[in-house]
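A.B. asks: sequence? don't have it. structure:
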């Protein structure tokens, strides 16, 4: 993707959902696109899947335009939407057989039911399934064509913890076999578990991009405690916000924490409510959702 923009409407009512983003997805990796509702993730997915044309910029999938070359590219892709909308009156097996008929080189219904642990529900109508089971049928539909590229939009929403873990194991196995995946999720632990690289969108732009290690390392750790009512020590290169609860932002957590504790010990001061926490994907995501840019977020205190 290069300079990708997606605008809905025109004139005064125009809404720019995607505002000139760039990224690449490498063969065989899991790429997670994160962001709050309205960040532009679904619009980006629509463009990648060939469901819409960009207002400007370019999208290339398997070396071609996903709209103009949809017949060739679609044969190699599987898509799991946020909501499948499958016919409620068909059984699970009938649904997958119907879906199988649209694929170029499908696997068997029995095989894909085994992958998503629904073999025992094959003869149950889709409308009678639980929400989590319906999500697994959606995943089965995405997998039955044996894709080499998977688009997964909130793949584990509605699943119980064990089913989520089972889905993670399934996706990890697909990755090991060479399947490329692009996913969105609101479960940050899911992105941490599965993704090789992560992009965080906010207001139509990508504000963070890289491996989990790359992203987290750009952001400070935090030390917090109740203000002890005395003059605080100087901590070089740290940012100190000394309100009722003191927040110290630092890129050298261990050194500054040791210095702070040594000072408190010498001065016989109790640091009530002391907490020390390294930067995490959650803290970076929340800062991005609050509207910061990548450069500004790295100095957020």
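C.D. replies: Everything's here; your move. Nothing here was measured: the structure is a model prediction, and the numbers come from that model. Numbering: from 1, shown residues only.
A.B. asks: so residue 141: helix, strand or coil?
C.D. replies: At residue 141 the chain is in helix, as set by DSSP: H, G, I helix; E, B strand; the rest coil.
A.B. asks: brain fart, residue 173
C.D. replies: With three-state DSSP as the basis, the three-state label of residue 173 is helix.
A.B. asks: how many neighbours does it have?
C.D. replies: Neighbourhood size, residue 173 [other Cβ atoms under 10 Å]: 11. C-betas here are computed from N, CA, C, even on glycine.
A.B. asks: roughly how far apart are it and residue 143?
C.D. replies: 11 Å (Cβ to Cβ, to the nearest Å).
A.B. asks: would you map out the domains in this structure?
C.D. replies: Per automatic domain parsing, the structural domains of the chain span 2-213, 220-278.
A.B. asks: buried residues in the helix or strand encompassing residue 94?
C.D. replies: Assigned by DSSP states H and E, residue 94 belongs to helix 92-100. For helix 92-100, the neighbour count (16 or more other Cβ atoms under 10 Å) marks 92-96, 99-100 as buried.
A.B. asks: can you list the residues you listed in CSV and add distance to residue 199?
C.D. replies: Conversion of the buried residues of helix 92-100 to CSV gives the following (distance: Cβ to Cβ, whole Å):
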residue, distance to residue 199
92, 34
93, 37
94, 38
95, 33
96, 32
99, 30
100, 33
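A.B. asks: TSV please, covering those residues and showing distance to residue 35 and pLDDT.
C.D. replies: Shown next, in TSV, are these (distance: Cβ to Cβ, whole Å; pLDDT from 0 to 100):
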residue	distance to residue 35	pLDDT
92	32	97
93	36	97
94	36	97
95	31	97
96	31	97
99	29	95
100	33	96
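A.B. asks: which among those residues gets closest to residue 246?
C.D. replies: Set against residue 246, the nearest of the buried residues of helix 92-100 by Cβ to Cβ is residue 92 (56.4 Å).
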